[in-house]
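Student: Need the 3D shape of this:
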Amino acid sequence: MKHSNMLAMILAGGRGSRLHELTSKVAKPAVSYGGKYRIIDFPLSNCSNSGVDIVGVLTQYESVLLNSYVAAGGRWGLDTADSGVFVLTPREKAEAGLDVYRGTADAISQNIDFIDQYDPEYLLVLSGDHIYKMNYSKMLDAHIEAKADATIAVIGVPLKEASRFGIMNTDENKRIVEFEEKPEHPKSNLASMGIYIFSWKNLRKMLVADMKDPNSAHDFGKNIIPTMLNEGKTLLAYEFKGYWKDVGTIDSLWEANMDLLDKKNDLDLDDRSWRVYTSDESSLPAYYGPNAVVDRIYVTQGCEIEGEVRNSVLFTNSVVAEGAKVTDTVLMPGAKVEEGAVVTRAMVANNVKIGKGAVVGSADSESILLVSKNVKGVE
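Tutor: Numbers count the residues shown, from 1 in each chain. All right, here's what the predicted structure looks like:
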């Protein structure tokens with residue numbers, strides 16, 4: 001049995017209800033992003049690149065596609081004799097449509113036996129639904145140097161937006177002195193990224209005690225972290241300075257895709273030193289017709305463009321037919337815009353067809369339109 005220094009657990013069981021129909025049949029971490037990726041590719045690639053070899057992925061809702069996708073650990077180089085990606089889904093409850101986990105801490109508590117068999121010194125807990133590139137081994141170095149009981153990754157957010165997040169108030173040594181969940185009047189702009197490193201033996205004791213507490217929400221933010229603070233434990237804030245996006249809404253998922261249009265975007269999916277791994281789809285190269293007009297687009301393999309596309313992101317095998325106009329839009333895998341159709345400020349879901357001459361979305365709309373069903377063309 002491999003005795004790893006740090007083991008990772010990815011919480012990938014959220015309903016993702018604010019993504020509406022995109023998550024009606026697919027778990028949120030399996031939603032497509034950036035042409036050819038899925039959201040779960042990011043934490044898994046980070047683990048692989050950071051030298052974290054054993055990863056448990058905790059799934060529950062609409063998890064069939066996600067489970068089979070994650071089970072192919074070779075995509076991220078996590079399928080050797082000393083490494084692996086393990087899907088952890090308590091089937092009976094999930095199939096009965098019941099909530100499997102009562103909170104983020106309970107998700108870890110219910111899998112203590114899995115963690116114990118690897119006897120890790122440190123446990124890395126990750127959200128499975130954020131888009132970012134991060135070296136967890138550097139975070140572990142900071143955790144060890146500070147002799148911390150827990151280290152929480154934080155990112156600076158605009159102060160006016162801070163009340164949407166769990167906020168860490170720290171001293172001059174970046175030691176956390178107070179944790180406020182969505183404060184009305186935030187004292188700091190350091191938002192929790194939902195990335196934690198714990199010293200496992202200490203956390204294990206706390207989880208066992210928390211499981212027995214009938215008044216607990218069994219949640220890291222609501223229970224475990226405040227308890228650690230009350231007990232005077234050393235909690236370190238590890239400030240992350242790269243690209244990070246919580247893609248929990250249609251607008252934020254659209255924005256994260258649009259960020260790729262900037263050639264110097266901070267995410268840099270072409271960075272060979274920190275690759276984001278995904279499944280290799282066998283598709284033809286992108287095709288541009290003789291009358292195609294393109295301006296500031298991000299396009300992946302298998303796309304066919306015969307019409308006009310501006311300021312848009314096209315996922316694998318999406319099609320824009322002759323005379324069609326697509327502006328400020330994300331076309332997800334297999335989406336098709338037929339002749340003469342006009343699509344503006346929209347996100348068109350997988351394999352959805354916009355019929356001939358149809359008009360979808362508006363340049364003046366405040367929010368992005370999700371098109372999740374076929375749109376009939378003009379007769």
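Student: Please list all residues in contact with the residue nearest to residue 89 when sequence neighbours are not counted.
Tutor: Closest residue to residue 89 apart from its sequence neighbours, by Cβ to Cβ, 6 or more residues apart in numbering: residue 59 at 4.8 Å. All C-beta spots, glycine's among them, are computed from the backbone N, C-alpha and C. Residues in contact with residue 59 (Cβ atoms under 8 Å, 6 or more residues apart in numbering) are 12, 13, 27, 29, 66, 67, 70, 87, 88, 89.
Student: Of these - the most surrounded one?
Tutor: Neighbour counts for the contacts of residue 59, by other Cβ atoms under 10 Å, peak at residue 12, which reaches 31 neighbours.
Student: any idea how far that one is from residue 65?
Tutor: The gap separating residue 12 from residue 65 is 12 Å, by Cβ to Cβ, to the nearest Å.
Student: Tell me the buried residues in whichever helix in the chain runs longest?
Tutor: Longest helix in the chain, counting residues (DSSP state H): helix 200-211. Neighbour-count burial for helix 200-211, counted by 16 or more other Cβ atoms under 10 Å, picks out 200, 203, 204, 206, 207, 210.
Student: Identify the residues contacting the fourth one.
Tutor: Under the criterion of Cβ under 8 Å, 6+ apart, the neighbours of residue 206 are 224, 227, 228.
Student: Residue 157 - nearest residue in space that isn't next to it in sequence?
Tutor: Excluding its sequence neighbours, the residue lying closest to residue 157 (Cβ to Cβ, 6+ apart) is residue 191, at 4.6 Å.
Student: ok but the one you found is inside a strand, no?
Tutor: Yes. Remark: residue 191 belongs to a strand, assigned using DSSP: H, G, I helix; E, B strand; the rest coil.
Student: And the longest helix of the chain, how far out from the chain middle?
Tutor: Here the centre of helix 200-211 is set off from its chain's centre by 26 Å, with Cα atoms, centre = their mean, to the nearest Å.
Student: Then stretch 336-347?
Tutor: Distance of stretch 336-347 from the chain centroid (Cα atoms, centre = their mean) equals 27 Å.
Student: and if you look at stretch 53-73?
Tutor: With Cα atoms, centre = their mean, you get 13 Å for stretch 53-73.
Student: picking up where we left off before, C-terminal to the longest helix of the chain, what's the next element?
Tutor: Going down the chain from helix 200-211, the next helix or strand is helix 225-230, by DSSP states H and E.
Student: Give the other helices and strands that that next one contacts.
Tutor: Packing partners of helix 225-230 (3 or more Cβ pairs under 8 Å, 6 or more residues apart in numbering; DSSP states H and E): strand 150-156, strand 176-181, helix 200-211, strand 235-239.
Student: Now with 7 Å, please.
Tutor: Helix 225-230 makes packing contacts with strand 176-181 when contacts are defined by 3 or more Cβ pairs under 7 Å, 6 or more residues apart in numbering; DSSP states H and E.
Student: Mind listing the strands the strand it packs on pairs with, and their directions?
Tutor: strand 166-170 (antiparallel) (DSSP bridges).
Student: Next, the angle from the partner strand to strand 235-239.
Tutor: Counting by axes from the mean of the first three to the mean of the last three Cα atoms, to 10 degrees, strand 166-170 points 110 degrees away from the direction of strand 235-239.
Student: what's the angle between strand 166-170 and strand 150-156?
Tutor: Going by the same axes, to 10 degrees, strand 166-170 makes 100 degrees with strand 150-156.
Student: Run through who's touching strand 166-170.
Tutor: With contact meaning Cβ atoms under 7 Å, 6 or more residues apart in numbering, strand 166-170 is reached by 152, 154, 176-183, 186-188, 190-192, 221, 237.
Student: for stretch 352-361, same thing?
Tutor: 335-346, 348, 369, 371-378.
Student: Of the buried residues of helix 200-211, which is the nearest to residue 164?
Tutor: Checking the buried residues of helix 200-211 against residue 164 with Cβ to Cβ, the nearest one is residue 210 at 25.9 Å.
Student: check contacts around the closest one.
Tutor: So residue 210 contacts 105, 109, 216, 218, 223, 224 (Cβ under 7 Å, 6+ apart).
Student: ok, now which ones touch the third one?
Tutor: I take that to be residue 216. 210, 223.
Student: any idea how far it is from residue 108?
Tutor: As judged by Cβ to Cβ, residue 216 and residue 108 stand 13 Å apart.
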